[in-house]
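K.L.:
Please find the sequence and the predicted model below.
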Amino acid sequence: MGRDERRAQFEGLIAALMEPLRRFLARRTDPATAEDALSETLLVCWRRLDEVPEQPLPWAYGVARNCLANAERSRRRQDRLVARIAVLDPPRPTGDHTSPDLSAALELLRPQDAELLRLWAWEDLTAPEIAQVLGISVNAATIRLHRARERLRAQLESSGDTGGHDTPAKERRQR
């Protein structure tokens, strides 16, 4: 069978199977998993086109059932992995523990500066690690981080927030 003939046979098969398979899967799982399983089913139909029986729908339902079972097994494995990781390395609390003034100051900074500061303060990355994340040199990361911290300090001072210190930053630098 030539390439064009194979394609025509597949397109005819899919025209007859697409909607019944979509409904079959939609009744058994969530929409995203159903679409993934449908894609996998169609791929199997293409690969095994020569094996499709005269009555293709029951055979295709069997393929779809197997694809759905594979997706469910994969989801369960992923859930178990996430559970194990959470026990070994629990995530830090994700609640926003920053002061309203700090959040506002970060919002007023250029997005690039705010991201640098988040990588440094929240993700606890060093300048070389930040350089790797951003695809820049270590020297550029160091300079940009220094400038971003200065801009943040200026924002906080202009809003009256001293960053938790009783002595304003200008006075501390003069000592």
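P.N.:
Yep, that arrived. Numbering: from 1, shown residues only.
K.L.:
pLDDT score for Arg75?
P.N.:
Listed pLDDT for Arg75 reads 91.
K.L.:
how about the nearest residue to it, chain neighbours excluded?
P.N.:
If you skip the residues right next to it in sequence, Arg75 has Thr33 as its closest partner in space, 7.6 Å away by C-beta to C-beta, 6 or more residues apart in numbering. Every C-beta, even on glycine, is put in place using the N, C-alpha and C of the backbone.
K.L.:
With just CA atoms, put the host helix or strand of the one you found into PDB.
P.N.:
Under the criterion of DSSP states H and E, Thr33 resides in helix 31-47. Included here for helix 31-47 are C-alpha records, laid out as PDB according to Å, rounded to 0.1, in the frame of the first residue of the first chain:
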ATOM      1  CA  PRO A  31     -11.200  16.500  29.600                       C
ATOM      2  CA  ALA A  32      -7.400  16.900  29.500                       C
ATOM      3  CA  THR A  33      -6.700  13.200  30.100                       C
ATOM      4  CA  ALA A  34      -9.400  12.300  27.500                       C
ATOM      5  CA  GLU A  35      -7.700  14.400  24.900                       C
ATOM      6  CA  ASP A  36      -4.300  12.900  25.700                       C
ATOM      7  CA  ALA A  37      -5.700   9.400  25.500                       C
ATOM      8  CA  LEU A  38      -7.500  10.200  22.300                       C
ATOM      9  CA  SER A  39      -4.200  11.400  20.700                       C
ATOM     10  CA  GLU A  40      -2.500   8.200  21.900                       C
ATOM     11  CA  THR A  41      -5.300   6.100  20.500                       C
ATOM     12  CA  LEU A  42      -5.100   7.800  17.100                       C
ATOM     13  CA  LEU A  43      -1.400   7.300  17.100                       C
ATOM     14  CA  VAL A  44      -1.800   3.500  17.800                       C
ATOM     15  CA  CYS A  45      -4.400   3.400  15.000                       C
ATOM     16  CA  TRP A  46      -2.000   4.900  12.600                       C
ATOM     17  CA  ARG A  47       0.900   2.600  13.600                       C
END
